[in-house]
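S.K.: pasting the sequence and the predicted coordinates here, then a few questions.
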Amino acid sequence: MRGPAGFRQVVAVARRAVPHLDVTIEDLIAEGDRVAARLRWHGTQAADGAIVDRETIDIVCFAHGQAVEHWGIQLWSALA
């Protein structure tokens with residue numbers, strides 16, 4: 001993913017796949033030029049109605065007011 005257009009594309013794909021998506025910030029920590037967030041994603045898949053429960057941990061590095069690096073890990077679980 002590169003730049004704002006790439007991020008918009010990722011969000012659009014997620015919204016089509018899980019139209020009733022609810023994202024909750026569980027933890028948010030900032031220090032220096034980095035922000036770490038633990039997010040919980042919950043919703044229902046459009047294709048088959050399966051419940052989606054996902055947790056991500058993302059670390060973003062900022063420079064000059066813009067995100068310049070991202071590291072993340074995602075755990076995905078689709079429940080019947």
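M.R.: Yep, that arrived. Numbering: from 1, shown residues only.

S.K.: and the gap between the residue sitting furthest away from the middle of the chain and Asp33?
M.R.: Largest separation from the mean C-alpha position in the chain: His64, at 22.6 Å (CA atoms, centre = their mean). Using CB to CB, to the nearest Å, we find His64 at a distance of 10 Å from Asp33. Placement of C-beta: from N, CA and C, glycine included.

S.K.: show me the shaky parts of the chain.
M.R.: Applying pLDDT under 70 to the chain picks out residues 1, 76-80.

S.K.: can we see that at 80?
M.R.: 1-3, 75-80 (pLDDT under 80).

S.K.: residue boundaries of the helices in it?
M.R.: 3-17 (DSSP state H).

S.K.: the closest residue to Ala67 other than its chain neighbours - how many residues pack around it?
M.R.: Leaving out its chain neighbours, the residue that sits closest to Ala67 by CB to CB, 6 or more residues apart in numbering is Val60, at 5.0 Å. Applying other CB atoms under 10 Å, we find 16 other residues in the vicinity of Val60.

S.K.: center of the chain - which residue?
M.R.: Note: the chain centre (CA atoms, centre = their mean) maps to Thr56, 6.4 Å.

S.K.: and it, what does it touch?
M.R.: By CB atoms under 8 Å, 6 or more residues apart in numbering, Thr56 lies in contact with Ala37, Arg38, Leu39, Trp41, Gly72, Ile73, Gln74, Leu75.

S.K.: go ahead and confirm the fifth one touches Ile59.
M.R.: Yes. Using CB atoms under 8 Å, Gly72 is in contact with Ile59, at 7.1 Å.

S.K.: which of those two has more residues huddled nearby?
M.R.: Ile59 (14 against 11).

S.K.: for Val35, see how far away the more buried one is.
M.R.: Going from Ile59 to Val35 by CB to CB gives 7 Å.

S.K.: same question, Ile73
M.R.: Distance of Ile73 to Val35, computed by CB to CB: 15 Å.
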